[in-house]
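Engineer: Sequence first, predicted model second:
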Amino acid sequence: MAKIYSKKKLAAPKMLPKKETINFLLSFSKALRIVKTGNGTFENIAN
């Protein structure tokens, strides 16, 4: 009844992101501004 989990798994297929996903992440990171103050950190997304 016990399963053997030590068997090697098959290699996962390469997963490549779409161009839209990369563009979204790049534009998001450009718009994100983090301001550190004495009391804390503020994150601002300037769209």
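Structural biologist: Looks like it came in fine.
Engineer: Look at S27 and give its secondary structure.
Structural biologist: Here S27 is recorded as helix under DSSP: H, G, I helix; E, B strand; the rest coil.
Engineer: Tell me which stretches of the protein form helices.
Structural biologist: 19-31 (DSSP state H).
Engineer: pLDDT below threshold where in the protein?
Structural biologist: The model of the chain has pLDDT under 70 over residues 1-2, 6-7, 9, 47.
Engineer: Distance of the most centrally placed residue in it relative to P17?
Structural biologist: In the chain, the residue lying closest to the centroid (CA atoms, centre = their mean) is L25, at 8.6 Å. L25 sits 8 Å away from P17, going by CB to CB, to the nearest Å. Where C-beta positions appear, they are placed from N, C-alpha and C, glycine not excepted.
Engineer: before we move on, what about F42?
Structural biologist: Taking CB to CB, one finds F42 at 29 Å from P17.
Engineer: S27 too?
Structural biologist: 14 Å.
Engineer: same check, this time on T41
Structural biologist: From T41 to P17 the distance is 28 Å (CB to CB).
Engineer: Could you do K8 as well?
Structural biologist: Taken as CB to CB, the span from K8 to P17 is 27 Å.
Engineer: A11 now?
Structural biologist: 19 Å.
Engineer: just L26 next, same as before
Structural biologist: Taking CB to CB, one finds L26 at 11 Å from P17.
Engineer: Compare A11 and P17 (neighbour count), which wins?
Structural biologist: Taking neighbours as other CB atoms under 10 Å, A11 and P17 compare with P17 leading, 10 against 6.
Engineer: OK, contacts around that one?
Structural biologist: Shown in contact with P17 (CB atoms under 8 Å, 6 or more residues apart in numbering): no residues.
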